[in-house]
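**Student:** Show me how the following folds:
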Amino acid sequence: MNNKKSILNGLGGMCLLLVAVLFLSSAKKDDGVMTKENGMYVVNTTTLGKNVVGYVGTTPLKIYIQKDKIVKVEALKNQETPKYNAMIKRKLLPKWEGMKVKDAEKQPVDAVTGATITSDAVKKNVQLGLEYYKKNK
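**Tutor:** Just a heads-up that it's a prediction; the model follows:
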């Protein structure tokens, strides 16, 4: 009788282990970089661009992509000078709107005069975000 109980307990444990392995192996990588919202992929460059520094600090973005086209690029909280940050939001970020991802990767986008260092950091973050999107969509 004890042998039967031991065998049943062992089988039950093995079944739980098998279920856990199957669940973990089917789970998608969730690193918080790319999510899906309202049918769009949203790439957050906070961790991708943690070493990309503008004039004062990092310049994280959210890049919204639908059907391989950039819907919008949104600046996230950063430490850049408000005056230059406003220029970036108004003059630089809209330049990617409506571009196909493959075109946006190749096409140079002019920096905002007076905010060149921040512009370069933003452009690098867009590039990192688009590369991530292509590899993980």
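**Student:** Point out where the protein drops to low pLDDT.
**Tutor:** For the chain, the stretches flagged by pLDDT under 70 are 1-29.
**Student:** Domain ranges for it, per the record?
**Tutor:** Listed by automatic domain parsing, the domain ranges of the chain are 1-28, 34-136.
**Student:** Kindly check the end-to-end length of the longest one for me.
**Tutor:** Taking CA to CA, to the nearest Å, the first and last residues of domain 34-136 lie 8 Å apart.
**Student:** And for stretch 112-121?
**Tutor:** 12 Å.
**Student:** buried sites along that stretch?
**Tutor:** Using 16 or more other CB atoms under 10 Å as the test for burial, stretch 112-121 gives V112, A115, T118, S119, D120, A121. Heads up, the C-betas are built off the backbone N, CA and C, glycines and all.
**Student:** Okay, and T35 sits in which element?
**Tutor:** strand 34-37 (DSSP states H and E).
**Student:** Any chance you could list what contacts that strand?
**Tutor:** Strand 34-37 has contacts (CB atoms under 8 Å, 6 or more residues apart in numbering) with Y41, V42, V43, N44, Y64, Y132, Y133, N136, K137.
**Student:** And for stretch 51-64?
**Tutor:** Residues from elsewhere that reach stretch 51-64 (CB under 8 Å, 6+ apart): 37, 40-46, 49-50, 70-81, 84, 88, 93, 96, 115, 117-118, 120-122, 124-126, 128-130, 133.
**Student:** Please export the C-alpha coordinates of the next helix or strand after the strand holding T35 as CSV.
**Tutor:** Later in the chain than strand 34-37, the nearest helix or strand by DSSP H and E is strand 40-44. Once non-C-alpha atoms are left out, strand 40-44 reads as follows in CSV (Å, rounded to 0.1, in the frame of the first residue of the first chain):
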residue,chain,number,x,y,z
MET,A,40,-0.2,49.1,-32.2
TYR,A,41,3.3,48.0,-31.1
VAL,A,42,4.7,50.5,-28.6
VAL,A,43,8.4,50.4,-28.1
ASN,A,44,9.7,52.1,-24.9
